[in-house]
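Q: Kindly generate the corresponding structure for this input.
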Amino acid sequence: MTAKIRKHLSKDPILKELVDTVKLKKRTAQNSVYEALLRSISFQQLSGKAATTIHNRFLDLFDDLYPHPVHIQQFTAEELRAVGLSRQKASYIKNTADFFIEHNLIDKDWTKESDEDILAQLTQIKGVGNWTVEMILMFTLKRMDVLPLDDLVVRNGIVQLYGVEEKGRALKKRLLEIAEPWRPYRTVASLYLWQWNDTVL
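A: The predicted structure is shown next:
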């Protein structure tokens, strides 16, 4: 983390306490948007260990451990379920493969797309929501100004630290107001919130 980013975030006195006391851990990311989407589907609603086991079994279906979309299309739902995927997740994985083939996205240069355009494009895939795409923006595409308010830890962290009392639409508006001074490093601020949560709980 650069001194420039820490200095910018430290202008917020509450966030400054986190910047001064919390040490960020490195988080791993998938090599591509496509691979990250498939992994996120495997990991939905499962513990890390169980999800890793199932996802590795899924990758073992491919000779080179790369889940080629054309090959995924050739698998039946039953074959995908045999590695531990639920029927729903098997369907979502096939949806993702179909979408990437149909829109010719495997070799797409995502660096030229805005965060908003990527969100709009990828959430068209059934089984892929805002949170999933925001994680890909942050960790796979290394976008620096993503604020994942669909993430419970980030949202609840802001509520707790800043004493937010609003509910419903007023809550989201208030959270955006609080985070506005963090621009253009809201991704980094979110990392601090995650790490703070891991530290205090």
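
Q: Per the annotation, how does the chain divide into domains?
A: Domain assignment of the chain by automatic domain parsing yields the ranges 3-27+147-200, 33-139.

Q: tell me how far the ends of stretch 179-189 are from each other?
A: 9 Å (Cα to Cα, to the nearest Å).

Q: buried set for it?
A: If you call a residue buried by 16 or more other Cβ atoms under 10 Å, then stretch 179-189 has these buried ones: 179, 182, 185-189. C-beta here means a position set from N, CA and C on the backbone, and glycine is covered the same way.

Q: cool, stretch 143-154 as well?
A: For stretch 143-154, by 16+ other Cβ under 10 Å, it's 143, 145-149, 151, 153-154.

Q: from the residues you listed, which ones fall inside helices?
A: 153-154 (DSSP state H).

Q: Rebuild the buried residues of stretch 179-189 as CSV, extending it with secondary structure.
A: Converted to CSV, the buried residues of stretch 179-189 look like this (DSSP: H, G, I helix; E, B strand; the rest coil):
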residue, secondary structure
Ala179, helix
Trp182, helix
Tyr185, coil
Arg186, helix
Thr187, helix
Val188, helix
Ala189, helix
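
Q: okay, the residues you listed in TSV with pLDDT and distance to Leu65 next?
A: Shown next, in TSV, are the buried residues of stretch 179-189 (pLDDT from 0 to 100; distance: Cβ to Cβ, whole Å):
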residue	pLDDT	distance to Leu65
Ala179	97	39
Trp182	98	38
Tyr185	97	35
Arg186	97	34
Thr187	96	29
Val188	96	32
Ala189	97	35
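
Q: Let me have the residues you listed in a markdown table, extended by distance to Ala36.
A: Shown next, in a markdown table, are these (distance: Cβ to Cβ, whole Å):
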| residue | distance to Ala36 |
| --- | --- |
| Ala179 | 24 |
| Trp182 | 24 |
| Tyr185 | 22 |
| Arg186 | 20 |
| Thr187 | 15 |
| Val188 | 19 |
| Ala189 | 22 |
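
Q: which one of the residues you listed is nearest Leu59?
A: Leu59 has its nearest neighbour among these in Thr187, at 27.6 Å by Cβ to Cβ.

Q: just to revisit the earlier point, between the buried residues of stretch 179-189, which sits nearest Arg57?
A: Of the buried residues of stretch 179-189, the one sitting nearest to Arg57 (Cβ to Cβ) turns out to be Thr187, at 31.6 Å.

Q: From Arg143, how far out is that closest one?
A: Distance of Thr187 to Arg143, computed by Cβ to Cβ, to the nearest Å: 6 Å.

Q: tell me, what residue is most central in the protein?
A: Met135 (1.5 Å; Cα atoms, centre = their mean).

Q: Fine by me, we can end here.
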